[in-house]
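Pasting a predicted model and its sequence here:
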Amino acid sequence: MSLIESIITELRIPDLPYPVGQSAPDDSSRWHSTLSEAWQAGSDERVVTHLQRTDAVWSMRQVNAAYLADRIMNVFLRRSGLHPYLVHRAARLRFWLALDLEARGAEAVSEQRPLHRWLDSLQALRGWSRTGGRSDRPVESHLAAMEQAVGEAFRGGEEPLEACVSDWLEQISHQAEQAERVAQRLWQTESGAAGQRAAEQAVRAALSRTCRGRQLPASLWAFIEDDWRVLMRRAALEHGIDSEPWRHAFRLLEWLIWVGDGNLCGQDRNRLYHVGEQLTDKLVQVVTLVEGRDPDPQRFAPVDALLARRLRDEAVEQEAASIPEADPRWLERPDEAQGDEARSWVGSWYLYEADGQQIRQFLTGFLEETGEVLWTNARGAKLDIEPFRSVRERFEAGELTHLPEAYPFAGVLSDTLDSLQRVLESQRKQREEARDKAREEAEALRRAQEQAFEEERQREQEREEREARERAEAEREARDEAETRRINDEAEIREKVLAEVDRLEAGSWIQLGSGEEALRLKLALRIRASGKLVFVDRYGLNRREILREDLATRVRDGEAQLLSEGAEFADTLSRVVGRLRVGR
């Protein structure tokens, strides 16, 4: 089972509208119509929130598909770096994603699915800003087409959606190639213009430094403006401000200003003669060095004329130089550390707020000659050229922010599933622990019941044994009592029988046995010393000796009868013997 399938079928999130008890049957038609209606209504709600607003009973699979769609889209839109307007328009796709997840599981977010391809393609619009201009129209048109295609897919069949995504991918591929070509041409143009601009700014800074506050003759000022300024710009452009031609040209500009301002050269006549002897030659040398050819001697006529008048100490009409202020940093070599830092910023998107709108711009490159950066838009068109130091100041002030790198849909999907997998594993562990605990509790209950049953069985057995002992004791006591009575009765009877036997006198008759075998004998003699009784039959023969105790026992047991005492003795003896027999 795939991870997505496990999440859809097993995950439990608090407060979601899961079915109570047994899982509800999948009502596909109600599910499909609910999501379709939400899409057509342009709802911005989460899918789960929309489900909670209905009175339907949803299956666990449907609820989890809705939750997973919300989770994936929320993470993607939060981390995509897209313009808020695009995020708003794309957020509604959560309804289609929920429907697809419930039906297809992991296949719904595969790289081949149109939704996956379209969301990844939106990274091409990271630099898009909704400004209301012509660049908005293609995007607005495609968004409308995409929404229409999804609506048709809800009604049946994904062919319109596939066609819309394919057309869009082809369109943005063409636009990306076109934007790259435009940006390359723009960079070439601006790189060349940057060198010219740097040279011009360097000349302006040089003039501002040397001419501001000076009084110069009109002829000299004309020479500087029309000739020497052009030469210095060429030296800066072709050789750079750290080159020898530029340094010589800048140095000679200072000499020209010193000669032109009477307040300066009038204070040192010796230096004036020295400068006057070398100035023209120096000018020729620098022009030759920069332009690569010897100049026309008449080119420096205004300078020669001014020198002659200064050496003759003639008065020269002067006027203040009207030089605007310029940044003196143009006369310094570019900061290599700043250049390294600026180049590390190149190739990234940045955004700022302007008139309540979010404007995105791409830092295309760093112009080393000017220390500036080139800003372009998503179509490769120029937005602005700005000094890098200004960019850094705005960034440090929070006015300019870095747009995070693109985060593709596959990364969002992986992070989201990893997070939910940890939740799922935690829930599985909790369920396993709960099952183990339930089994342990059931086992403990079983053992307790078995123990209770065993204790009850033991108590019952002990009770039965106790009752048996009590019965046995009672029976034993009864037997003992009966035996005691019997012994007492026997003793009493024996005593009575012995007493009767002892009362027999010579001539008394007894009967041994009963029936036809009965034998009647007459007491002939009593030997008291040994307790013997001697009996004879009626003929005086068949002498038989019987001990008195033996005779008593026979009488008691009914084996003999005393015939001499009459009926009363016989009745008493019979009752006693009968009672003894019953007692046995």
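Thanks, I have it.

give me the low-pLDDT residue ranges for the stretch 1-150 of the chain?
In the predicted model of the stretch 1-150 of the chain, residues 1, 21-27 satisfy pLDDT under 70.

quick one: the helices in it?
Using DSSP state H, counting those that start in this stretch, the helices of the stretch 1-150 of the chain run over 3-10, 28-40, 47-53, 60-79, 84-91, 94-104, 114-121, 136-155.

Measure how buried Val534 is and give me the count.
Burial measure for Val534: 16 neighbouring residues, criterion other CB atoms under 10 Å. For the C-beta atoms, the positions are set from N, CA and C on the backbone; glycine is no exception.

what does the helix or strand hosting it rub up against?
Using DSSP states H and E, Val534 sits within strand 532-536. With contact meaning CB atoms under 8 Å, 6 or more residues apart in numbering, strand 532-536 is reached by 501, 504, 510, 521-527, 542-548, 551.

Show me which residues of that strand are buried.
Buried residues in strand 532-536, counted by 16 or more other CB atoms under 10 Å: 533-535.

Filter the contacts of strand 532-536 down to the buried ones.
501, 504, 510, 521-524, 526, 546, 548, 551.

now the strand holding Val534, how far from the centre of its chain.
Averaged C-alpha coordinates place strand 532-536 at 122 Å from its chain's average position (CA atoms, centre = their mean, to the nearest Å).

Could you pull up the contacting residues of Ala552?
Ala552 neighbours (CB under 8 Å, 6+ apart): 494, 497-498, 501.

likewise Leu99?
Here Leu99 is in contact with 31-32, 35, 65, 154 (CB under 8 Å, 6+ apart).

same question, Asn542
Asn542 neighbours (CB under 8 Å, 6+ apart): 521, 536.

By neighbour count, which of the contacts of Leu99 wins?
Result: Ala65 is most packed of the contacts of Leu99 (other CB under 10 Å), 29 neighbours.

Next one: that one relative to Glu467, how far apart?
69 Å (CB to CB, to the nearest Å).

can you list the buried residues of strand 532-536 in JSON lines and add pLDDT?
Output for the buried residues of strand 532-536, formatted as JSON lines (pLDDT from 0 to 100):
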{"residue": "Leu533", "pLDDT": "85"}
{"residue": "Val534", "pLDDT": "88"}
{"residue": "Phe535", "pLDDT": "86"}
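
Select the longest strand from this structure.
strand 357-367 (DSSP state E).

What average pLDDT does that one get?
Average pLDDT, strand 357-367: 89.

What residues sit buried inside that strand?
359-367.

Off-centre distance for stretch 327-336?
On CA atoms, centre = their mean, the centre of stretch 327-336 falls 52 Å from the chain's centre.

buried residues in that stretch?
Neighbour-count burial for stretch 327-336 [16+ other CB under 10 Å]: 330-331, 334.

for the residues you listed, which one is nearest Trp128?
Distance to Trp128 across the buried residues of stretch 327-336 (CB to CB) is lowest for Pro334, with 33.4 Å.

now the closest one, what's its secondary structure?
Following DSSP: H, G, I helix; E, B strand; the rest coil, Pro334 is assigned to coil.

hang on, isn't it packed against Glu372?
No: if you go by CB atoms under 8 Å, Pro334 and Glu372 don't touch, sitting 10.7 Å apart.

picking up where we left off before, show me what the strand holding Val534 pairs with in its sheet, parallel or antiparallel.
strand 519-527 (antiparallel), strand 544-547 (antiparallel) (DSSP bridges).

Could you name the stretch from these that's closest to Tyr85?
strand 544-547 (139.8 Å).

what residue lies at the spatial centre of the chain?
The chain has Ser419 as the residue nearest its centroid, 2.6 Å off, counting by CA atoms, centre = their mean.

Need the nearest residue in space to Gln318, chain neighbours excluded.
Gln215 (3.9 Å; CB to CB, 6 or more residues apart in numbering).

what pairs with the one you found across the strands?
Ala320.

tell me the contacts of it?
By CB under 8 Å, 6+ apart, the neighbours of Gln215 are 260-263, 318-321.

what pLDDT does it get?
Looking at Gln215, the pLDDT reads 85.

Next: Val346.
91.

How much space separates it from Arg155?
Taken as CB to CB, the span from Val346 to Arg155 is 48 Å.

Over to Ala308?
Taking CB to CB, one finds Ala308 at 97 Å from Arg155.

How about Ala249?
77 Å.

the more surrounded of these two?
Neighbour count, other CB under 10 Å: between Ala249 and Arg155, Ala249 has more, with 27 against 11.

Quick check: that one is in a helix.
Yes: counting by three-state DSSP, Ala249 is part of a helix.

I'd assumed Arg233 was in contact with it.
No: counting by CB under 8 Å, Ala249 sits too far from Arg233 to count as a contact (9.6 Å).

next SSE after the longest helix seen in the chain?
Longest helix in the chain, counting residues (DSSP state H): helix 409-503. Remark: after helix 409-503, the chain's next helix or strand is strand 509-512, criterion DSSP H and E.

If we go by neighbour counts, what in that following strand is buried?
Neighbour counts over strand 509-512 (16+ other CB under 10 Å) mark 510, 512 as buried.

ok, now stretch 309-319?
310, 316, 318.

List just the nearest of those residues to Arg113.
Of these, the one sitting nearest to Arg113 (CB to CB) turns out to be Gln318, at 81.8 Å.

Which residues are in contact with the closest one?
Contacts of Gln318 by CB under 8 Å, 6+ apart are 215-217, 260-262.

Likewise for Val391?
345, 363, 373, 400.

For burial, what's the neighbour tally of the last one?
The reference is to Leu400. By the criterion of other CB under 10 Å, Leu400 has 18 neighbours.

ok, now the third one?
Neighbour count of Val373, defined by other CB under 10 Å: 23.

Distance of it relative to Trp349?
13 Å.

Now do the shared contacts for the two.
In contact with both Val373 and Trp349: Leu363, using CB under 8 Å, 6+ apart.

pull the CA atoms of the helix or strand Ser390 falls within into CSV?
Assigning secondary structure by DSSP H and E places Ser390 in helix 388-396. In CSV, the C-alpha atoms belonging to helix 388-396 read as follows (Å, rounded to 0.1, in the frame of the first residue of the first chain):
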residue,chain,number,x,y,z
PHE,A,388,24.0,48.8,-6.0
ARG,A,389,24.6,50.8,-2.9
SER,A,390,21.0,52.1,-3.2
VAL,A,391,19.7,48.6,-3.6
ARG,A,392,21.6,47.4,-0.5
GLU,A,393,20.3,50.4,1.5
ARG,A,394,16.7,49.6,0.5
PHE,A,395,17.2,45.9,1.4
GLU,A,396,18.6,46.8,4.8
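
residues near the nearest residue to Arg92 once chain neighbours are set aside, how many?
Leaving aside its chain neighbours, Arg92 sits nearest to Trp39 (6.4 Å; criterion: CB to CB, 6+ apart). The local packing of Trp39 (other CB under 10 Å) involves 20 other residues.
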